[in-house]
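1. with the input below, show me the fold.
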Amino acid sequence: MASGGSTVSSGGLTERYAAALYSHAEDQHALDAVMSEMESLGQTIDASADLRRVLDSPLIDVHEAQRAVRAVLAAEGFGRIVQDFASVVVTNRRQRQLRTMVSAFAALVAEKRGIQVAHVSSAHPLTDVQEQQLRARLIEAGYGNVNIHKHVDPTLLGGLVVRIGARLYDSSLKSRLQRLQYAMKGAA
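-> All right, here's what the predicted structure looks like:
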């Protein structure tokens, strides 16, 4: 019965948890440390299939899941605030949304600090020089304080897709070929 309500409002739910963590970390004067640890938590979840299984399985007892998550976080050196946060998430049976909460927290921190997030997809990993050139172009375009989140998407074939807020800049070879195909159909 609880799962039906959580799917309807999971966006608002994750933001509420992120806001609560932000407020608590700020009250404890530990925002920078928590921000860094939450980024590491996201990477840990992404890298560990075993941890994802614990978080995703509805069959694991909530107390066992809580012990497992605390053990992993303690072993990885996470501080008390992040351990307690993850523990509350599991206790409230929201562990499936923990990864989304990590992202919501990062977005909230960026918003509060006036940082815009650029989601960049490229066919191949960007070199340091390419990332610096991209950052310079974004600054020229008026995006002064930007965090770049990179993603490799081989289907793009070449070029970049950059999303900043509601704006989308698509210079990928895939979309150029699609536009050419549409233009050729229109000319025929």
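2. which ones are touching Ala68?
-> If you count contacts by Cβ atoms under 8 Å, 6 or more residues apart in numbering, Ala68 has them with 54, 60. C-beta here means a position set from N, CA and C on the backbone, and glycine is covered the same way.
3. what distance do you get for it to Leu108?
-> Here Ala68 is placed at a distance of 27 Å from Leu108 (Cβ to Cβ, to the nearest Å).
4. Gly79 now?
-> Distance, Gly79 to Leu108, by Cβ to Cβ: 19 Å.
5. if you count neighbours, what's buried in the helix or strand encompassing Lys174?
-> For Lys174, the element it lies in under DSSP states H and E is helix 173-187. Buried residues in helix 173-187, defined by neighbour count with 16 or more other Cβ atoms under 10 Å: Lys174.
6. with stretch 31-42 instead?
-> 31, 34-35, 37-38, 40-42.
7. what's it in contact with?
-> 21-22, 25, 73, 76, 78-79, 81-82, 86, 98-99, 102-103, 105-106, 109.
8. next: stretch 72-86.
-> 17, 21, 24-25, 28, 30, 33-34, 37-38, 40-41, 44, 48, 51, 69-70, 98.
9. how distant is the helix or strand where Ser23 lies from the center of its chain?
-> In this assignment (DSSP H and E), Ser23 forms part of helix 10-27. Distance, stretch centre to chain centre, for helix 10-27: 14 Å (Cα atoms, centre = their mean, to the nearest Å).
10. next SSE after that helix?
-> helix 31-47.
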